[in-house]
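1. could you look at this predicted model? Sequence included:
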Amino acid sequence: MALAEITERMRAAEARAGRQAGSVRLIAVSKIQPGDRVEAVLDQGHRRFGENYVQEAGTKWPAWKARYPGVELHMIGPLQTNKAKVAVELFDVIHSVDRPSLAESLAKLAGSRGKSPDLFIQVNTGEEPQKAGILPAQADDFIAACRMMDLPVQGLMCIPPEDEHPAPHFTLLAAIAARNGLSGLSMGMSADFETAIEHGATHIRVGSAIFGARSAASVRR
Ligand SMILES: *Cc1c(COP(=O)(O)O)cnc(C)c1O
């Protein structure tokens, strides 16, 4: 099981970056993974997991949450407005706040529930048309608008373009966060989490490097 190896590589990257050991949080991305692989990681004591799909997470996690106290669940995939109500019940943190209509729905839900998951705003640092996220030029205004709605914005999230070096994207995200007084940086996946840590990531989202490849046959969309 690769969890120990990932943790070791995280500690080394933290040390290289002059950051405190254990200061980066590992989100184990369990989307579309067989249940026994996820349970193996839960049995090793890990409790922070990420999922991309509300429906899939809703079928898997209530039972695991009951069986393994202390689970912290992170929503990292695009969130449809009509699934926001289910998402705020299921997730502790949502990393994919990417548009005003979703922010407004989350604010309404926070008002009626009296609480909200912690939130990260997704920034489309590569300005890719097919990718979710607020454009970098609109990020300051969107962050301010979310704060006006009293949303608990903890930081920013990005997914760099697959065919580019990720470092400039991590640098851009960190700069937008810094000028807006946000401390959270959700960036870095299996292929680039060490680079992300060296650029200030506070939360890394690692799937296949922990669980193994996601089987194409079980991909749901
Ligand atoms: C699937 C996914 C990950 C994990 O990807 P790996 O390459 O398997 O580590 C991280 N972040 C997001 C947003 C994802 O969709």
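-> On my side now, so go ahead.

2. helices along this structure, start to end?
-> Using DSSP state H, the helices found in the chain span residues 3-16, 35-43, 54-67, 84-90, 100-113, 136-148, 167-179, 193-198, 208-211.

3. make JSON lines out of these and add mean neighbour count, mean pLDDT and distance to L73.
-> To be clear about C-beta, it is placed using only N, CA and C from the backbone, and glycine gets the same treatment. Shown next, in JSON lines, are the helices of the chain (neighbours: other CB atoms under 10 Å; pLDDT from 0 to 100; distance: least, CB to CB, whole Å):
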{"stretch": "helix 3-16", "mean neighbour count": "15", "mean pLDDT": "97", "distance to L73": "17"}
{"stretch": "helix 35-43", "mean neighbour count": "14", "mean pLDDT": "97", "distance to L73": "12"}
{"stretch": "helix 54-67", "mean neighbour count": "15", "mean pLDDT": "97", "distance to L73": "6"}
{"stretch": "helix 84-90", "mean neighbour count": "19", "mean pLDDT": "98", "distance to L73": "6"}
{"stretch": "helix 100-113", "mean neighbour count": "16", "mean pLDDT": "98", "distance to L73": "16"}
{"stretch": "helix 136-148", "mean neighbour count": "15", "mean pLDDT": "98", "distance to L73": "21"}
{"stretch": "helix 167-179", "mean neighbour count": "18", "mean pLDDT": "98", "distance to L73": "23"}
{"stretch": "helix 193-198", "mean neighbour count": "22", "mean pLDDT": "98", "distance to L73": "20"}
{"stretch": "helix 208-211", "mean neighbour count": "20", "mean pLDDT": "96", "distance to L73": "16"}
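
4. want to try CSV for these, with distance to L185 as columns?
-> Output for the helices of the chain, formatted as CSV (distance: least, CB to CB, whole Å):
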stretch, distance to L185
helix 3-16, 14
helix 35-43, 23
helix 54-67, 23
helix 84-90, 22
helix 100-113, 19
helix 136-148, 13
helix 167-179, 6
helix 193-198, 8
helix 208-211, 19
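
5. nearest to L156, of these?
-> For L156, the closest of those is helix 167-179, at 4.9 Å, according to CB to CB.

6. which one of the helices of the chain lies closest to G155?
-> helix 167-179 (6.0 Å).

7. list of residues touching that closest one?
-> Applying CB atoms under 8 Å, 6 or more residues apart in numbering, the contact partners of helix 167-179 are 123, 125-126, 136, 139-140, 155-158, 160-161, 183-185, 187-188, 195-196, 199-201.

8. can you get me a residue count around Q80?
-> Other residues lying near Q80 total 11 when counted by other CB atoms under 10 Å.
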